[in-house]
Each structure stands twice: as C-alpha cells, then as structure tokens.
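Asks: missing the sequence, but the structure's below:
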C-alpha cells in the first residue's frame, strides 16, 4: 500500500521518505500512543484556539458561564497551548492540596523565561531543591524584618509621610491609588533596601507609571508566547513591557551591588543584607551552593517580593477604599470599631489585630469581591496525573479560577453583594475562611508573602480609616469597572475626597 502511495506522488525520494515516515508515525501514535481522557471545553479553530472568545469578555467570567455546560474542569486553548482550568472548590482542593506535588510546576513560556532570567526566581522557578532553599531563606528574611511590631513600625514610618500629603490636600480631589502606591512602595522598598521616596520623586513617579503600564497591558497576554516568529520581530506592546521590566531589573541590580559593597554582618539593615548573608553562610558550609544560588537568584527573589508585594497590595487597598465609598454605612461601621479599640490620639498597631474583626472582614470581603489576580499564577503538572474523572498529562498548563470560587452562589448565597458580615461568626469574631476564599492560593505554590501581606493590608486600612473619611468628589460617579484586561482586575481612576477625621 505504501509503495503504491509513493509511486503516485511526483516528489523527490527525500520528500517521499518524509511522507512515509510521517504516515507511519501518525498510524503508530493512533493505535499505540497513550490515550488521555481530557477535560471538555469549547471548540476553537486550529492555531487560534479560543483566543477570539477572550477578546470580547474576560476569561475568568467566560469560564463561569462555560462551567454550566462543561463542568468545573474546563480545557481552553491559548492558540496551540492547552490549558486546564479549575472552577470549583472541590477540584482545586483535589489538585492543590491532595495532589499538591503533581500540580506544583510552573508554566514555561518565552516571556516568563525572559522576565526571570531563566526562571531564577521563586514565583516561576522550578519546584526543586534550589526553589525550596530560596523560598525558605526569603520567608525567614521577611519574618525577621517585617513581622510583629517591626512590621507596624515600618508601616507607620511609611504612612506618616503619605498622611501628611493627604492632609495638605483635604477638600481637594485626591488620587487615592497614587497615595496608596507611595505608601506600599516605601514600605516594600524600605523592607528590601532601607530607602524611601517622596511623592514627587522622579524615580517613584516612573515606578508608578511602570506598574500601571504592566497591569493594563500584561493582563491581556502576549502573542510572542504563542507565535514563536514574533520573538524575533516583537510587537510594540511586548517591547513596552520588556522595557518596563528591564528598568526595574536594572534598579534592583544596582541596589544589590551597592549592598554587596557596603555589606557588614554587624549591620544588616534590610532583606537584601539578609539574603546576601544567608547565601554567604550557605556557601561556607557547602561550596556547591555558590553555583546553585547565584547573585542573579538573589536579584530575582527581590524582584518577586517588590513587584508582587507592591502591585497586588496597592490594587487590593484601592478597591477596598472604592467599595467603602460606595457603601458609606460599612465605612462608618469600620471606623466606629477602630475608634472603640483605640484611645484618643492613638494609631492602630499590629497588636490591635484581634480586636478589629469587622475591619478585617471588610478587607477580606474586598479581596473576595474584587480578586485582583482572578486566575492566579499558572501552574504546570510535573507528571501524568488525574483530576476527577479526567487525565491531565505531564506538562499541562493549569489555572485556578479564583473568581469562580469567590462568586460561587452555592457557597456565598449572594456573592454579587458586598457584605463583610458574611465572614464573621455569631459572636462577631472573624470566622474561619472557607476553601472558596482563596486570594493567596494554597498548597506548595501558595503566595510567598501571605503571612506579611494580610496583617500589612489590615494595618494600612485601619490607619487610613482612623485618619480619614473617604467620599466621591462632588458631581462625580464612582467608576467600578476594572481597566481593560482579560485576566486581571486593575482598578480604574476615581476622583475622591479625603476628609481628615478629628
């Protein structure tokens, strides 16, 4: 049969050999190759997959609609890249808790490799010995320099500068996101490098511009990860994003080099000093560590902490203030709680956390209602595994739809309503969070900074509400529509008034 086929094809011997080999390969795979029962999902044309669907509506919202037809485990295609999405508490628990190691990989893309210097960071790094050492050291450093009363001291230091600026603008239109960003940038930059910025500092303004640009543009994905040819002829959007990250990268390299020159074990002022010291001590015990954990790994770890720590925190707090402006009765109730806990002239501290359950519920409800990274960071399977009744091959991209969990009517009843009381128990204390509340993810790859971020955001919110009441500028209507993005929820610009509380 094959001889007849080749004789009738007017091609060269080489071409005929290729066709015969391809035919044999396809037949062999069809009858011998491993078969997988993959999760269902919407059909998409070859090459483009489901990309056109995402242009008209956010992927996380589309998945909630598709869940009705296909179930909680849905396969979508980003061009030729297959992605399995998890859209219910049960399947997320199975994947990230019960089979945590199977799903502990990270998606490998051209963009991520470029941004992380070959996956030398914690967020996108491979799950293994190197990653475990980096994560452990980073967590220890963060706890040493930003936990307990140290966290409170650093936040009050950052906040005092911002509150002074806000008081000077009382009664005027205020860009609250810009002021919150200064607050958080100074806290994180102080944690990492023992430095801070002024609100009119050119470097701070440029960093603010970069974060805004990255949030608005990166959220729609990059064609360079789908069409390899574009890596040699990149789009303008790709060039803008890479330029932004290159600026941040150069800034962090400079800070790291300066710290190495002035480093002293007797005077470790910040997280960078701690990471340098931890690496030096590890090398003294085992010289092989010098090649396993390099200076590049340290810089990439600092980049993780700075970028993730600033962007998600500033957006979460901005959405929280927006929601409180929309719901003045909730804002007033939180302020009453804060006033009851604190004496006259006293500012909130970390030790007050347990006495501010309603204020913390406001923050947690905001994180449920407006999850700023609704699809989280993509996972990848480290081996062939299963999920429910379906097979998930090794190397499959996996995404958790946090938005679907946070808007699940079976769990929350009225998820489209902003209601902090849902997170309190009968005694008014903060109730244990259900698995469907998952802004920091879970399992092996849960958010590195969760233990710092939660008390940090609570204290910042309490400080803001202790000192100011927020309302919409006269004649303005609150815009609660996120900026255009298919996979994130960045807040829009709103004109607010911050009234100083006496």
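Replies: Thanks, I have the structure now. Keep in mind that this is a model prediction, so the values were computed, not measured. Numbers count the residues shown, from 1 in each chain.
Asks: Strands along the protein, start to end?
Replies: 73-78, 81-86, 105-106, 379-380, 385-387, 390-392, 397-400, 468-472, 496-500 (DSSP state E).
Asks: out of those, which comes closest to residue 340?
Replies: The stretch from the strands of the chain with the least distance to residue 340 (C-beta to C-beta) is strand 468-472; that distance is 16.4 Å. Yep, even glycine has a C-beta here, placed from its N, CA and C like the rest.
Asks: circling back to that earlier point, so for residue 212, which of the strands of the chain sits nearest?
Replies: With C-beta to C-beta as the measure, strand 496-500 is the member of the strands of the chain nearest residue 212 (17.3 Å).
Asks: Residues in contact with the closest one: which ones?
Replies: 166-167, 169-174, 176, 321, 325, 467-474 (C-beta atoms under 8 Å, 6 or more residues apart in numbering).
Asks: tell me the mean pLDDT over stretch 143-158?
Replies: Here stretch 143-158 scores 87 as its mean pLDDT.
Asks: my read: residue 308 touches residue 448, true?
Replies: Yes - using C-beta atoms under 8 Å, residue 308 makes contact with residue 448 at a distance of 7.5 Å.
Asks: what do those two both touch?
Replies: Between them, residue 308 and residue 448 share the contacting residues residue 123, judged by C-beta under 8 Å, 6+ apart.
Asks: for the top helix by length along the chain, the distance to its chain's centre please.
Replies: For the chain, the longest helix by residue count, based on DSSP state H, is helix 295-326. Centroid separation for helix 295-326 versus its chain: 8 Å, with C-alpha atoms, centre = their mean, to the nearest Å.
Asks: ok, now which ones touch the closest residue to residue 463 other than its chain neighbours?
Replies: Counting by C-beta to C-beta, 6 or more residues apart in numbering, residue 463 lies nearest to residue 159, which is 5.2 Å off, once chain neighbours are set aside. With contacts defined as C-beta under 8 Å, 6+ apart, residue 159 is in contact with 183, 460, 463.
Asks: wait, which of the strands of the chain is closest to residue 373?
Replies: Evaluated with C-beta to C-beta, the strands of the chain place strand 397-400 nearest to residue 373, the distance being 10.1 Å.
Asks: Report all helices and strands that the closest one contacts.
Replies: Secondary structure elements in contact with strand 397-400, counted by 3 or more C-beta pairs under 8 Å, 6 or more residues apart in numbering; DSSP states H and E, are strand 81-86, strand 379-380.
Asks: Next, format the ones you listed as TSV and append mean neighbour count, distance to residue 271 and mean pLDDT.
Replies: Shown next, in TSV, are those (neighbours: other C-beta atoms under 10 Å; distance: least, C-beta to C-beta, whole Å; pLDDT from 0 to 100):
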stretch	mean neighbour count	distance to residue 271	mean pLDDT
strand 81-86	22	33	95
strand 379-380	22	27	96
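Asks: What is the burial count for the closest residue to residue 383 other than its chain neighbours?
Replies: Counting by C-beta to C-beta, 6+ apart, the nearest residue to residue 383 once its immediate chain neighbours are dropped is residue 394, at 5.1 Å. A total of 12 residues lie near residue 394 under the criterion other C-beta atoms under 10 Å.
Asks: Offset the numbering so it begins at 20, please.
Replies: Okay, residue one is now 20; in that scheme the one you just asked about reads as residue 413.
Asks: Give me the distance between residue 516 and residue 200.
Replies: When distance is defined by C-beta to C-beta, to the nearest Å, residue 516 is 19 Å away from residue 200.
Asks: Between those two, which has more neighbouring residues?
Replies: In this view residue 516 and residue 200 are compared by other C-beta under 10 Å, and residue 200 has more residues nearby, 25 against 20.
Asks: Quick check, pLDDT for the more buried one.
Replies: 93.
Asks: right, and it touches residue 329 too?
Replies: Yes - with contact defined as C-beta under 8 Å, residue 200 counts as touching residue 329 (7.2 Å).
Asks: Identify the contacts common to the two.
Replies: Between them, residue 200 and residue 329 share the neighbouring residues residue 230, with contact defined by C-beta under 8 Å, 6+ apart.
Asks: circling back: could you pull up the residues touching the residue nearest to residue 402?
Replies: Neighbour list for residue 413: 400, 401, 402, 403, 404 [criterion: C-beta under 8 Å, 6+ apart].
Asks: The second one: how many residues sit nearby?
Replies: Applying other C-beta under 10 Å, we find 17 residues neighbouring residue 401.
Asks: Nearest spatial neighbour of it, chain-adjacent residues omitted?
Replies: What sits nearest to residue 401 in space, not counting adjacent residues and going by C-beta to C-beta, 6+ apart, is residue 124, at 4.5 Å.
Asks: The fourth one too?
Replies: Excluding the flanking residues, the one nearest residue 403 by C-beta to C-beta, 6+ apart is residue 413, at 5.0 Å.
Asks: Same check on the last one?
Replies: Leaving out its chain neighbours, the residue that sits closest to residue 404 by C-beta to C-beta, 6+ apart is residue 121, at 4.1 Å.
Asks: The one you found and residue 400 touch, don't they?
Replies: Yes - A contact is recorded between residue 121 and residue 400 when judged using C-beta under 8 Å, the distance being 5.9 Å.
Asks: Find residues that contact each of these two.
Replies: Shared contacts of residue 121 and residue 400, defined by C-beta under 8 Å, 6+ apart, comprise residue 411.
Asks: burial measure for residue 219, as a count.
Replies: One way to gauge burial is a neighbour count; for residue 219, by other C-beta under 10 Å, it gives 9.
Asks: ok, now residue 300?
Replies: With neighbours defined by other C-beta under 10 Å, the count for residue 300 comes to 12.
Asks: Count the neighbours of residue 485 for me.
Replies: Close neighbours of residue 485, defined as other C-beta under 10 Å, add up to 19.
Asks: isn't it right next to residue 367, touching?
Replies: Yes - in this structure residue 485 lies within contact range of residue 367 using C-beta under 8 Å: 5.8 Å.
Asks: which neighbours do these two share?
Replies: With contacts taken as C-beta under 8 Å, 6+ apart, the residues that reach both residue 485 and residue 367 are 357, 361.
Asks: Identify the residue nearest residue 261 in space, chain neighbours excluded?
Replies: Once chain neighbours are set aside, the closest to residue 261 by C-beta to C-beta, 6+ apart is residue 133, at 6.9 Å.
Asks: That neighbour and residue 265 touch, don't they?
Replies: No - under the contact definition of C-beta under 8 Å, residue 133 does not touch residue 265, with a separation of 9.7 Å.
Asks: Pick out whichever of those two has more residues nearby.
Replies: More crowded of residue 133 and residue 265, by other C-beta under 10 Å: residue 133, with 17 against 12.
Asks: Residue 170 touches residue 472, doesn't it?
Replies: No - assessed by C-beta under 8 Å, residue 170 is found out of contact with residue 472, at 10.5 Å.
Asks: low-scoring stretches of this structure, by residue?
Replies: Residues of the chain that meet the criterion pLDDT under 70 lie in 20-53, 238-239, 503-506.
Asks: at 50 instead, please
Replies: 20-52 (pLDDT under 50).
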